[in-house]
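Chemist: After the sequence you'll find the predicted model.
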Amino acid sequence: MLKATLRSFLAHKGRLLLSALAVILSVAFVAGSLIFSDTVARTFDRLFASTSADVTVEPKEDLDEAIPSGQTPTIPASLADRVSKVDGVARTRIDAAVDNITVVDSENDSVGPTTGAPTIATNWLVTDRSPVELTSGHAPRGKGQALLDADTADKKDVEIGDTLTVLAAPGSFKVEIVGIVTFTTTNPGAALVYLDTPTAQRELLGDKDAATGISVDAAAGVSDTVLKRRVAAELGSGYDLKTADEQADSAASELGGFLDVIKYVMLGFAGIAVLVGIFLIVNTFSMLIAQRTRELGLLRALGADRRQVRRSVLTEAVLLGVVGSTVGLAVGIGLAAGLIELMGLLGMNLKSTEMVIGWATPVASYLVGVGVTFVAAYLPARRAAQVSPMAALADAEIAGVGRPLKVRALIGSVVALAGAAALVGCATSEKTSSAASLLGLGLVLTLIATVIAGPLLVRPVIRVLGGAFPAVFGSIGRMSQRNALRNPRRTGATAAALMVGLALVTGMSVASASMTKSFDQQIDRTLGADFVVQNSNFIPFSKEITDKVRDTEGAGLVVRQRFTPVKVAMPDGKSVETTAAGYDKRLDDVARITYVAGGSAQALAPGNIAMERDFADKHEVRVGDRLPVEFPGGRRTELTVGALTNQEGAEGFGVEGGLFFGIGTVEEYVPGGQESAVYVNAASGTEPDALRDRLEKSLDPYPQVQVRDQADYKELIREQIAVMLYLVYALLGLAIIIAVLGVVNTLALSVVERTREIGLLRAIGLARRQLRRMIRLESVVIAVFGALLGLALGLVWGVSAQQVLALQDMKAFAIPWTTVIAVVVGSVVVGLAAALLPALRASRMNVLAAIAHE
């Protein structure tokens with residue numbers, strides 16, 4: 001049996017090739033993601049371990065910033081002297097580093113990275129743990145001198161002697177580049193600017209006596225843990241102390257978020273490849289077993305029992321999995337190398353020679369590859385074991401032709417009802433978390449139900465889709481329609497591969513279109529200013545920019561917006577950490593807010609706070625209540641609830657709870673904060689278009705901020721949502737590639753299966769062109785059937801997802817008809833493309849050889 005199995009595998013290797021491609025793709029994405037993330041993690045672990053001080057002293061941060069406030073937490077620089085006297089301290093260094101700056105050249109073009117990596121300015125100190133070394137020029141000496149890293153200098157054509165402008169929180173200042181530093185370790189992609197320590201304290205922190213941290217080196221024989229304990233005893237509990245290992249772990253965990261995004265995206269591609277590949281493999285083995293009915297019958301007649309036949313088929317599947325996994329692992333290594341090169345183009349200089357291939361990578365690769373093929377081939381293997389020895393005497397098939405679909409109908413109905421119940425529960429749920437969980441359950445169940453019940457829909461749907469074929473294409477059209485109807489299970493499984501990707505893209509397109517429409521309505525409903533001056537992603541900017549806006553000719557009312565993290569003790573006994581916003585007076589002139597109690601005067605009054613009504617009701621808050629509020633740095637006060645709002649979807653005024661108050665409260669309890677946005681109205685007699693031109697001219701030296709009106713805001717939201725859609729479209733592209741392979745595989749095996757039939761048709765006068773057309777029409781009708789299933793399922797998913805969005809006040813619903821039409825048209829193209837090779841092969845058959853085919 002083993003010899004027969006190996007010979008069978010080698011005899012059908014061509015027919016198994018397309019199935020192997022699905023395995024290769026899924027394994028490649030799994031292996032590539034693991035290798036890339038392991039390589040980056042190992043590289044940065046070495047970087048952090050080699051550059052971290054033995055002990056670092058930093059400001060204690062009790063509140064997380066969901067939206068940046070612009071405040072740079074600092075500690076007194078004089079702590080360095082106190083720490084230096086602690087037993088076991090060899091030396092201390094003051095750190096003055098910020099990553100919220102922008103650097104521009106003489107033409108006001110940004111010198112920083114364009115990939116989202118920060119521009120870091122810090123003080124220059126020569127230590128054996130510095131990530132860079134001075135390779136040309138000299139160290140900065142006093143105000144007006146700076147160093148720049150070599151990678152940034154090369155990319156931006158900056159040379160020694162050039163003058164740059166640094167836009168920092170306290171204000172802007174000019175520096176002359178007097179030296180270039182080169183990374184001695186991995187360049188994480190950031191731009192680095194070095195100043196001397198007094199200049200960094202004064203210009204970056206706005207305080208010559210402040211520091212962002214103290215780096216402490218241990219004396220010989222003193223461990224980091226012991227030194228940390230001694231320093232903590234000297235300073236008390238008001239600071240955050242970390243050993244070198246803890247500092248490295250903290251930095252690595254921050255990097256981990258970035259790595260997780262890449263890993264999960266690639267694993268998402270792998271998941272799609274696995275899911276769609278299962279349909280392809282099931283179809284392949286089902287058709288191969290159908291074509292080998294007589295062969296399997298002979299094996300049974302010669303004494304092979306059912307278990308041996310089943311084991312033979314599963315062994316072929318395992319061999320396919322092993323071959324596909326081996327090739328996929330090699331392709332994954334190449335994919336990881338490509339990602340490493342791509343990171344180099346984006347500024348993160350990794351070395352492919354230091355690629356990390358841990359034991360988990362090949363293990364995961366073979367588990368995925370072999371596991372997928374084994375699971376997918378199990379049902380066909382069971383059917384193979386049911387072949388009777390008498391099948392050797394007849395030209396019979398066990399492909400499922402004519403077998404009743406009652407069991408499928410029953411199981412599919414039960415699963416569909418369970419999925420529908422989950423989606424109905426999602427639509428009626430009042431909690432976002434419950435609705436999201438029910439949505440996920442409903443998606444899985446309805447997908448399974450559609451896959452199970454798909455063959456039941458083949459005959460009624462394809463009769464409609466191909467109804468016009470006999471009238472338009474004559475007997476050729478009738479035969480193509482009947483070929484698609486011949487085996488509903490095979491047609492359903494082939495269409496299911498295409499259905500999965502199209503259902504995903506349709507559902508996400510409906511959700512994204514609904515989100516876009518909701519945000520458009522929210523912007524129309526809430527934004528009343530002529531213009532908003534704002535950085536991308538709510539990154540704050542300095543008061544200097546606000547002053548420039550105020551000084552612009554034609555600028556009338558200017559209202560500032562600042563964000564700050566807060567912790568509010570509620571009457572129901574709960575403490576809520578969220579982000580609150582601060583605004584200038586006359587907020588009503590730049591924003592449309594619906595109040596259910598009080599108004600802007602009460603909300604922005606000193607000592608007051610406003611919040612969203614539903615949030616207040618949830619925590620038993622009433623107007624007039626005094627709430628304890630904690631700000632960053634441990635500053636505390638009590639604020640009176642002055643107003644309640646109905647901010648349906650107006651998340652721009654806060655995050656959870658829609659909290660806001662007068663900007664004086666922010667200035668008092670969050671000193672050093674910066675503006676997140678500035679709302680501007682044109683002065684009387686000034687046209688908005690004229691003001692926009694003047695604002696853009698005034699702000700030309702500040703490339704980090706943009707002037708936007710309502711239309712610009714809407715376009716910005718669309719662009720951000722489009723990023724998510726691009727990922728979905730990429731997943732769709734991969735799914736379609738594998739689905740096309742599935743259709744090609746099905747048609748190719750179908751052509752082999754119908755060799756004698758094709759020969760007879762050719763013998764009675766069917767032309768080559770007619771034969772090719774028949775196969776193309778069969779392919780198109782299968783592809784369109786899969787597309788319609790995907791559209792129907794995706795629309796149901798999209799409607800259900802919109803109900804979850806509605807719980808977040810995104811209540812608008814939209815169907816992207818352009819996408820729907822494109823999917824239908826695209827499915828026709830997919831069908832035509834998939835039929836090219838099988839149709840060409842069929843048309844080239846020798847008629848007599850085909851008739852004599854066994």
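Modeler: Perfect, thanks for sending it.
Chemist: so who does residue 120 touch?
Modeler: 97, 98, 99, 101, 190, 191, 192, 193 (C-beta atoms under 8 Å, 6 or more residues apart in numbering). C-betas here are computed from N, CA, C, even on glycine.
Chemist: Which helix or strand in the protein has the lowest average pLDDT?
Modeler: Here the helix or strand of the chain ranked lowest by mean pLDDT, DSSP states H and E is helix 244-291, holding a mean of 72.
Chemist: thinking again about what came up before, which of the contacts of residue 120 are buried?
Modeler: Burial by neighbour count, judged by 16 or more other C-beta atoms under 10 Å, picks out 97, 98, 101, 190, 191, 192, 193 from those.
Chemist: what bridges to the last one?
Modeler: As for beta bridges, residue 193 partners with residue 121, residue 148 under DSSP bridges.
Chemist: contacting residues for it?
Modeler: Residues in contact with residue 193 (C-beta under 8 Å, 6+ apart) are 101, 103, 119, 120, 121, 122, 146, 147, 148, 164, 166, 175.
Chemist: Quick check: beta-bridge partners of residue 627?
Modeler: In beta-bridge terms (that is, DSSP bridges), residue 627 pairs with residue 639.
Chemist: so how far is residue 793 from residue 502?
Modeler: 8 Å (C-beta to C-beta, to the nearest Å).
Chemist: Residue 635 too?
Modeler: 53 Å.
Chemist: Compare these two (neighbour count), which wins?
Modeler: Taking neighbours as other C-beta atoms under 10 Å, residue 635 and residue 793 compare with residue 793 leading, 22 against 12.
Chemist: So residue 409 sits against residue 454, correct?
Modeler: No. Counting by C-beta atoms under 8 Å, residue 409 stays clear of residue 454, with 11.4 Å between them.
Chemist: These two - which one has more neighbours?
Modeler: Per other C-beta under 10 Å, whichever of residue 409 and residue 454 has more neighbours is residue 454, with 25 against 14.
Chemist: what's the helix or strand for that one?
Modeler: helix 432-465 (DSSP states H and E).
Chemist: Return the angle between stretch directions for that helix and helix 244-291.
Modeler: Computed by axes from the mean of the first three to the mean of the last three C-alpha atoms, to 10 degrees, the angle separating helix 432-465 from helix 244-291 equals 20 degrees.
Chemist: returning to that earlier point: just the buried residues of the next helix or strand after the least confident helix or strand of the chain, please?
Modeler: The C-terminal neighbour of helix 244-291 among helices and strands, as given by DSSP H and E, is helix 293-301. Neighbour-count burial for helix 293-301, counted by 16+ other C-beta under 10 Å, picks out 293, 294, 295, 296, 297, 298, 299, 300.
Chemist: quick one: which of those residues is nearest residue 805?
Modeler: Checking those against residue 805 with C-beta to C-beta, the nearest one is residue 293 at 51.8 Å.
Chemist: if we can go back for a sec, which of the buried residues of helix 293-301 lies closest to residue 419?
Modeler: Taking those together and measuring to residue 419 by C-beta to C-beta, the closest member is residue 293, at 35.7 Å.
Chemist: How about the contacts made by residue 307?
Modeler: By C-beta under 8 Å, 6+ apart, the contact list for residue 307 reads residue 385.
Chemist: Pull up the gap between it and residue 316, please.
Modeler: Residue 307 is 15 Å from residue 316, by C-beta to C-beta.
Chemist: Same check on residue 765?
Modeler: Taking C-beta to C-beta as the criterion, residue 765 is separated from residue 316 by 39 Å.
Chemist: Tell me which of the two has more neighbours.
Modeler: Neighbour tally, residue 765 and residue 316, criterion other C-beta under 10 Å: the higher count belongs to residue 316, 21 against 7.
Chemist: for the nearest residue to that one once chain neighbours are set aside, what are its contacts?
Modeler: With sequence-adjacent residues excluded and distances taken as C-beta to C-beta, 6 or more residues apart in numbering, residue 316 is closest to residue 9, at 4.9 Å. By C-beta under 8 Å, 6+ apart, the residues touching residue 9 are 16, 315, 316, 319, 320.
Chemist: wait, doesn't residue 510 sit right on residue 793?
Modeler: No. Counting by C-beta under 8 Å, residue 510 does not reach residue 793; the two are 11.4 Å apart.
Chemist: What segments of the stretch 551-700 of the chain are helices?
Modeler: Taking DSSP state H, counting those that start in this stretch as the criterion, the stretch 551-700 of the chain contains helices spanning 600-604, 613-618, 663-669, 688-698.
Chemist: Check the burial of the closest residue to residue 192 other than its chain neighbours by counting its neighbours.
Modeler: Nearest non-adjacent residue to residue 192, counting by C-beta to C-beta, 6+ apart: residue 149, 4.2 Å away. Burial measure for residue 149: 22 neighbouring residues, criterion other C-beta under 10 Å.
Chemist: likewise residue 338?
Modeler: Neighbour count for residue 338, taken as other C-beta under 10 Å: 13.
Chemist: Name the secondary structure element that contains it.
Modeler: Going by DSSP H and E, residue 338 is in helix 306-345.
Chemist: Now residue 632. Nearest residue, chain neighbours left out?
Modeler: Nearest non-adjacent residue to residue 632 (C-beta to C-beta, 6+ apart): residue 63, at 5.4 Å.
Chemist: Mind pulling the model confidence for that neighbour?
Modeler: Looking at residue 63, its pLDDT is 78.
Chemist: now it: how far from residue 566?
Modeler: 7 Å.
Chemist: Please say which of those two ends up with more neighbours.
Modeler: residue 566 (26 against 18).
Chemist: Hmm, that one is touching residue 579, no?
Modeler: Yes. Assessed by C-beta under 8 Å, residue 566 is found in contact with residue 579 at 7.2 Å.
Chemist: Find the residues that touch each one of these two.
Modeler: Taking C-beta under 8 Å, 6+ apart as the contact rule, residue 566 and residue 579 both touch residue 659.
Chemist: State the helix or strand in which the closest residue to residue 117 other than its chain neighbours lies.
Modeler: Excluding the flanking residues, the one nearest residue 117 by C-beta to C-beta, 6+ apart is residue 189, at 4.0 Å. When elements are assigned from DSSP H and E, residue 189 belongs to no helix and no strand.
Chemist: Backbone dihedrals for residue 189, please?
Modeler: phi 100, psi -10 (degrees, to the nearest 10).
Chemist: since we're on it, how many residues are nearby?
Modeler: Quick note: residue 189 (other C-beta under 10 Å) scores 18 neighbours.
Chemist: Okay, it and residue 88: tell me how far apart.
Modeler: For residue 189 relative to residue 88 (C-beta to C-beta), the value is 36 Å.
Chemist: again with residue 590
Modeler: For residue 590 relative to residue 88 (C-beta to C-beta), the value is 57 Å.
Chemist: now swap in residue 444 and tell me
Modeler: 58 Å.
Chemist: Which one's more surrounded, the two?
Modeler: Applying other C-beta under 10 Å to residue 444 and residue 88 shows that residue 88 carries more neighbours, namely 18 against 13.
Chemist: Let me know whether the more buried one touches residue 226 as I believe.
Modeler: Yes. Residue 88 lies in contact with residue 226 (C-beta under 8 Å); the separation is 6.7 Å.
Chemist: The residue nearest to residue 565 when sequence neighbours are not counted: what secondary structure?
Modeler: Excluding its sequence neighbours, the residue lying closest to residue 565 (C-beta to C-beta, 6+ apart) is residue 63, at 4.0 Å. Local secondary structure at residue 63 is given as coil here, using DSSP: H, G, I helix; E, B strand; the rest coil.
Chemist: Contacts only, for residue 63.
Modeler: Residue 63 makes contact with 565, 566, 567, 577, 630, 631, 632 under the criterion C-beta under 8 Å, 6+ apart.
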